[in-house]
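Q: this one's sequence-less:
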């Protein structure tokens, strides 16, 4: 894998730039201002920043009221505190009236060592089930840089699964996110790999080696999880020789794998599907790298699923893959819930 640029506090720069150009945009924080990288927005635009304290239900209802008055609230908190604590307010105050509230949920899945109380492992499943909501996910610096304009282009409520801290730039800065259109990272007809969030870099490590073994892979980086009607994905799955693998930092129920299963069933495609995802369980607290290995959402887990699909051993080991740098970006210091 080529040398990757790493950028700090990407969202902080993006939300401040957006605020300069959009005076109706407000930021609300659930007492996690620095942790969600909106402390700079607070300093630049104090009249458009609201610190709502540890009262997520109130924050969501407040955001809905602001949206009714013509503002565009950008709500920031850790994902678990959003969809677990304030679901009724999100449904009845935001989703039901279809208001343009943009909800940024941080610390998805294994990107925090905080254990079950802080790990959002089923947020996509919950938010996809809400009528009117669009669901997006970020995985690198370019995703984060372009997610705010994309979310604001949607006329309605949006949930954004956010990464933070020092982020890799996996895609060119000019290659911005497109709505309901996955990034095509490689093309091939043997099998399809769809990855999202932080799992994409692990998938890239595998695809490089598979290509060297004459196994062609159509690799997509998925950022729109609802709606999920990308025709390029459908075409690639339909024309794949062996089938499709999904890879996500989320439980196996209701996330990317479920999206693809629905797509396959809805279009009567006779294709095998292998889901790489968190098992139907709560997680322990540890480093991101350890958790990805422990719960089998890492590069070696992709190799195992490829071997099952094609029906032969590949004898690919960790030493054959490019260096994993996950802990460079998602280390324990960055992920403190403070």
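A: Alright, I've got the coordinates. Here the structure is a predicted model, which is why all the values come from computation and not from measurement.
Q: Which pLDDT value goes with residue 44?
A: For residue 44, the pLDDT comes out at 98.
Q: Neighbours of the closest residue to it other than its chain neighbours, how many?
A: Sequence neighbours aside, residue 16 is the residue nearest to residue 44 in space, at 5.8 Å (criterion: Cβ to Cβ, 6 or more residues apart in numbering). Glycine gets a C-beta too; all of them are placed from N, C-alpha and C. Neighbourhood size, residue 16 [other Cβ atoms under 10 Å]: 18.
Q: For residue 49, see how far away residue 16 is.
A: Between residue 16 and residue 49 the computed distance is 11 Å (Cβ to Cβ, to the nearest Å).
Q: what do you get for residue 107?
A: Distance from residue 107 to residue 49, by Cβ to Cβ: 21 Å.
Q: now residue 281
A: 38 Å.
Q: Give me the more crowded residue out of those two.
A: residue 49 (18 against 11).
Q: Quick check: bridge partners of residue 168?
A: On the basis of DSSP bridges, residue 168 is bridged to residue 6.
Q: roughly how far apart are it and residue 289?
A: Where residue 289 is concerned, residue 168 sits at a distance of 14 Å (Cβ to Cβ).
Q: Looking only at neighbour counts, state which of the two leads.
A: residue 168 (21 against 17).
Q: The more buried one reaches residue 140, doesn't it?
A: Yes. The pair residue 168 and residue 140 passes the contact test of Cβ atoms under 8 Å, sitting 5.4 Å apart.
Q: ranges for the helices of the stretch 1-150 of the chain?
A: 10-21, 39-44, 56-68, 79-83, 87-89, 123-128, 141-152 (DSSP state H, counting those that start in this stretch).
Q: now the stretch 151-300 of the chain
A: Using DSSP H, counting those that start in this stretch, helices in the stretch 151-300 of the chain cover 199-212, 231-238, 256-266, 288-294, 299-310.
Q: Assess the claim that residue 133 and residue 154 are in contact.
A: No. Residue 133 lies out of contact with residue 154 (Cβ under 8 Å); the separation is 9.6 Å.
Q: ok, these two, which is more surrounded?
A: Taking neighbours as other Cβ under 10 Å, residue 133 and residue 154 compare with residue 133 leading, 22 against 15.
Q: Enumerate every residue touching that one.
A: By Cβ atoms under 8 Å, 6 or more residues apart in numbering, the contact set of residue 133 is 95, 127, 156, 157, 158, 159, 226.
Q: and if you look at residue 321?
A: Residue 321 touches 205, 206, 208, 209, 299, counting by Cβ under 8 Å, 6+ apart.
Q: go with 7 Å
A: Residues near residue 321 by Cβ atoms under 7 Å, 6 or more residues apart in numbering: 205, 206, 209, 299.
Q: Scan those residues and report the most crowded one.
A: residue 206 (28 neighbours).
Q: Skip the chain neighbours and tell me the closest residue to that residue.
A: Residue 206's closest residue in space is residue 302 (Cβ to Cβ, 6+ apart), at 4.4 Å.
Q: The nearest residue to residue 293 once chain neighbours are set aside: neighbouring residues, count only.
A: Excluding the flanking residues, the one nearest residue 293 by Cβ to Cβ, 6+ apart is residue 300, at 7.6 Å. Using other Cβ under 10 Å, residue 300 has 17 other residues around it.
Q: now swap in residue 87 and tell me
A: 17.
Q: gap between it and residue 129?
A: Taking Cβ to Cβ, one finds residue 87 at 10 Å from residue 129.
Q: which stretches of the stretch 1-150 of the chain have low pLDDT?
A: 1-2 (pLDDT under 70).
Q: Could you do the stretch 201-338 of the chain as well?
A: 323-338.
Q: Was I right to think residue 140 contacts residue 172?
A: No. The criterion here is Cβ atoms under 7 Å, and residue 140 misses it with residue 172 at 10.6 Å.
Q: between the two, which one's more packed in?
A: residue 140 (24 against 8).
Q: Now do the contacts for the spatially closest residue to the more buried one that is not a sequence neighbour.
A: Leaving out its chain neighbours, the residue that sits closest to residue 140 by Cβ to Cβ, 6+ apart is residue 170, at 4.1 Å. Residue 170 makes contacts with 4, 140, 200, 201, as judged by Cβ under 7 Å, 6+ apart.
Q: go on, residue 199?
A: 247, 248, 249, 297.
Q: With adjacent residues omitted, what lies nearest to the second one?
A: Sequence neighbours aside, residue 256 is the residue nearest to residue 248 in space, at 4.3 Å (criterion: Cβ to Cβ, 6+ apart).
Q: And for the one you found, the neighbour number?
A: Neighbour tally, residue 256, other Cβ under 10 Å: 26.
Q: Roughly how far does it sit from residue 182?
A: 10 Å.
Q: swap in residue 112?
A: Distance from residue 112 to residue 182, by Cβ to Cβ: 26 Å.
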